[in-house]
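Asker: Quick one: sequence plus predicted model below, questions after.
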Protein chains: 2
Amino acid sequence: MLTSPLLEKLIKQFARMPGIGYKTARRMAFHVLKLPEIEATELANTINELKGKITECSICGNVTENDPCIICTDSSRDNSTICVVEQPSDVFALEKTNEFKGMFHVLGGHLSPLDGIGPDDLRIKQLIQRIPDGISEVIIATNPNTEGEATAVYVMELLKPFKIKVTRIARGLPLGGDLEFADIVTLTRALQDRHSLEREE
Amino acid sequence: MLTSPLLEKLIKQFARMPGIGYKTARRMAFHVLKLPEIEATELANTINELKGKITECSICGNVTENDPCIICTDSSRDNSTICVVEQPSDVFALEKTNEFKGMFHVLGGHLSPLDGIGPDDLRIKQLIQRIPDGISEVIIATNPNTEGEATAVYVMELLKPFKIKVTRIARGLPLGGDLEFADIVTLTRALQDRHSLEREE
């Protein structure tokens, strides 16, 4: 029996989010209930503001509060390299590594003929338009799954005429992974992409 | 680099919730960003309303929008049995089982001398006051950990003079659990609480 339909409503709203099961959603809702009033209001405000303030960067397609975004306008970054990703969340993940200091290009998804998503539904044309602008390398960092690979191959083909360096992020065993439990495709890829130890820095 | 401080703020707010790591929080924030405007507003509203509308039931201590709560005012439930729990979330969990049709009593925590939480900080007095009101059984369903057990023992002692049935929820191996991997205490308890097969219904 629901002693509070409002609480149950919040649980359901949380449970709809990716990666959140009913029990986690329940813990979250009770956490919100216990929050000081000011923090709960702040959370609600952030959610409300988000929709109004966040837009898409007209250059790279990433989410931003100002167009162009602060990555595209940052003169300290290497603007001769573009890293192509599927989603804005991929930019967040890559930025966390502090490894890449170039520019980004968000495609907005991957090619998926079965879902009716073709090249025109992605920001591929916009990527091609950026190439003559002094780009020397394009790193394709779409996901290492069927759709991501197909998208990578498609983009690579389009980039061929430009005679620039086109690279693909490495696929192999994840760090801390167990060779014994790796799937066949990953293991095959790890063998194919093997490199001499001198390459390690 | 943060292309959106607002998005990063929401990620941090989500990541503060119990059981939510940074990556899950990021997925959640991007999910909120992709939500239709009306659904995002609804989520924000639910959070805002929650704090104002939800109060504590003056009888059982559970969270409710109306005092007394709908469990306490439901005449179809068995009002001679009280199930004692630590938190309102425990009521939610037990109600999901559809197994218990009696009343509840939320203590609001467990005894924890180290944290300065004594009997007066819990709703124990209120529980005792409910007993003369035709109660024939009290089921103590505090958590199966040190504090929960200590609280159970304390409450049991207080209930002794009333000559009513006082029971404790069973502890043992969880369903689907593996005997081989069970910890010693659980296994010991499972052996101690063994019952003849005739008891199964």
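Answerer: Thanks, I have it.

Asker: So A:G19 is in contact with B:A25, correct?
Answerer: No: proximity of A:G19 to B:A25 does not meet the contact threshold set by Cβ atoms under 8 Å, at 9.7 Å. C-beta coordinates here come from the backbone N, C-alpha and C atoms, glycine included.

Asker: Which one's more surrounded, those two?
Answerer: The residue with the greater number of neighbours, taking A:G19 and B:A25 and applying other Cβ atoms under 10 Å in any protein chain shown, is B:A25; the counts read 20 against 14.

Asker: you'd agree the more buried one is in a strand?
Answerer: No: under the criterion used here (DSSP: H, G, I helix; E, B strand; the rest coil), B:A25 is helix, not part of a strand.

Asker: any idea how far it lies from chain A?
Answerer: When Cβ to the nearest Cβ, to the nearest Å is the yardstick, B:A25 and chain A sit 10 Å from each other.

Asker: Let me see the contact set for that residue.
Answerer: Remark: with contacts taken as Cβ atoms under 8 Å, 6 or more residues apart in numbering or on different chains, B:A25 is in contact with B:11-15, B:17.

Asker: go on, A:C72?
Answerer: Contact partners of A:C72, counting by Cβ under 8 Å, 6+ apart, are A:57, A:59-60, A:103.

Asker: Starting from A:T186, give me the distance back to the closest residue to A:K165 other than its chain neighbours.
Answerer: Here the nearest residue to A:K165 in space, its sequence neighbours aside, is A:E137; by Cβ to Cβ, 6 or more residues apart in numbering or on different chains that works out to 4.2 Å. Taking Cβ to Cβ, to the nearest Å as the measure, A:E137 and A:T186 are separated by 26 Å.

Asker: got a list of what the residue lying closest to A:N143 once chain neighbours are set aside touches?
Answerer: Nearest residue to A:N143, sequence neighbours excluded (Cβ to Cβ, 6+ apart): A:E86, at 6.0 Å. Residues in contact with A:E86 (Cβ under 8 Å, 6+ apart) are A:106-110, A:142-143, A:148, A:151.

Asker: Kindly indicate which of the residues you listed lies nearest chain B.
Answerer: Proximity of the contacts of A:E86 to chain B (Cβ to the nearest Cβ) peaks at A:V106, which lies at 10.2 Å.

Asker: Just to check, the closest one is in contact with A:S89?
Answerer: No: using Cβ under 8 Å, A:V106 and A:S89 do not qualify as a contacting pair, with a distance of 9.6 Å.

Asker: Give me the more crowded residue out of the two.
Answerer: A:V106 (25 against 20).

Asker: Setting the sequence-adjacent residues aside, check what's closest to that one.
Answerer: The shortest distance from A:V106 to any non-neighbouring residue, by Cβ to Cβ, 6+ apart, is to A:G61 (3.7 Å).

Asker: mind checking pLDDT for the residue nearest to the spatial centre of chain A?
Answerer: In chain A, the C-alpha nearest the mean C-alpha coordinate belongs to A:D90, at 1.8 Å (Cα atoms, centre = their mean). At A:D90 the predicted local confidence, pLDDT, stands at 90.

Asker: residue contacts, it?
Answerer: With contact taken as Cβ under 8 Å, 6+ apart, A:D90 is in contact with A:106, A:141.

Asker: And it, how close does it get to chain B?
Answerer: When Cβ to the nearest Cβ is applied, the distance between A:D90 and chain B equals 10 Å.

Asker: Looks to me like that residue is in a helix.
Answerer: Yes: the secondary structure assignment for A:D90 places it in a helix, going by three-state DSSP.

Asker: So which of the contacts of B:A25 would count as near chain A as well?
Answerer: B:13, B:17 (Cβ under 8 Å from any Cβ of the partner chain).
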